[in-house]
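Undergrad: Got a sequence here, can you build the structure:
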Amino acid sequence: MTEVSNQLLVTIGDNIVSIAIMLVGALVIAFVVGRLVWVQAKEVARLKYEFIAVAAHKLRTPLTRIRWMIPQLLEQTTDQKLAEGLTQIDIANNRLIELTNVLLEAAHTEDTGLSYTRDQIDWKRLINGAVERFKLQMLDKRLDVFVSIDEYLPNITGDYRRLASVVEIFIENAVMYTPITGSVRITAERTKQGMKVSVSDTGIGVNPEDQKHIFLSFFRTDIAKKADTEGVGLGLSVAKHIIEKHGGTIGMESEGEGKGSTFWFTLRA
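TA: Just a heads-up that it's a prediction; the model follows:
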């Protein structure tokens, strides 16, 4: 009986060792495969960033030349309608230049001016300026637009151009993904720690399973891809980078598909 028990224990022990070896082997294989996938994903992201950087460089040169020429043309024309058209072209061209700067920022190239300035932010001017840039698109889609800015906001310093880019990214997404006759609301309010800027819309919304990925580079929801086939999924990741560089927080809320979204960021005073 004792020999049988000992043999049974030996057999059980051998089985445990075999199982342990199999588990360790499986873990090693999983680690190796995971590492290869991670390296490949990083390489794909790097190639995407390099392509974006080259494309942005190529775009910025002709856009800058257009910026130089428009003031000269405005000085030479006496036709009011032509002057108005040139002014709209100038506004659109400046917007494109800002977008190329945002793309270069996302690609982390050396010449993007990664040092952040510390300006005294005039939030009324910043937000109203961002709204004005999308006025034509808002009118075209017959959107109801509401802007609410607290009279007394805390004195916060930051990089004006980059913070304006964040607000523009929020507004552009709201306008792009909100159906005709929908609404967009932009607010800036004082909080206990500082201030909060938010952009809410009645647009396509974001499903719960996608919300945790929404600020990742190159991520786009299936709903967004159907609504706009030209996006690359960089705007929100750039916005997150900018706000975190300012020591702030960024986030979003949505009850799901077709129920609109609210994107927000907070900054400390």
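
Undergrad: Report the beta-bridge partner residues of the residue nearest to residue 196 when sequence neighbours are not counted.
TA: Leaving out its chain neighbours, the residue that sits closest to residue 196 by Cβ to Cβ, 6 or more residues apart in numbering is residue 266, at 4.7 Å. (C-beta placed from N, C-alpha, C; glycine too.) Beta-bridge pairing for residue 266 (DSSP bridges): residue 196, residue 249.

Undergrad: in this protein, which ranges drop under the pLDDT threshold?
TA: Under the criterion pLDDT under 70, the flagged ranges of the chain are 1-61, 101-114, 228-232.

Undergrad: hey, where'd the strands end up in it?
TA: Assigned by DSSP state E, the chain shows strands spanning 119-120, 144-149, 157-158, 183-190, 194-201, 249-253, 261-268.

Undergrad: Show me what the second one is packed against.
TA: Here strand 144-149 is seen to pack against helix 123-133, strand 183-190 when contacts are counted using 3 or more Cβ pairs under 8 Å, 6 or more residues apart in numbering; DSSP states H and E.

Undergrad: could I get those as TSV with mean neighbour count?
TA: Formatted as TSV, those follow (neighbours: other Cβ atoms under 10 Å):
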stretch	mean neighbour count
helix 123-133	16
strand 183-190	18
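
Undergrad: And these: which comes nearest residue 86?
TA: In terms of Cβ to Cβ, the element of the helices and strands packed on strand 144-149 nearest to residue 86 is helix 123-133, at 16.8 Å.

Undergrad: Can you tell me what sits against that closest one?
TA: 91, 95, 138, 145, 147, 149, 153, 160, 163-164, 167-168, 171, 186, 188, 195, 197 (Cβ atoms under 8 Å, 6 or more residues apart in numbering).

Undergrad: and the residues you listed, which are buried?
TA: With burial judged by 16 or more other Cβ atoms under 10 Å, the buried subset of the contacts of helix 123-133 is 138, 145, 153, 160, 163-164, 167-168, 171, 186, 188, 195, 197.
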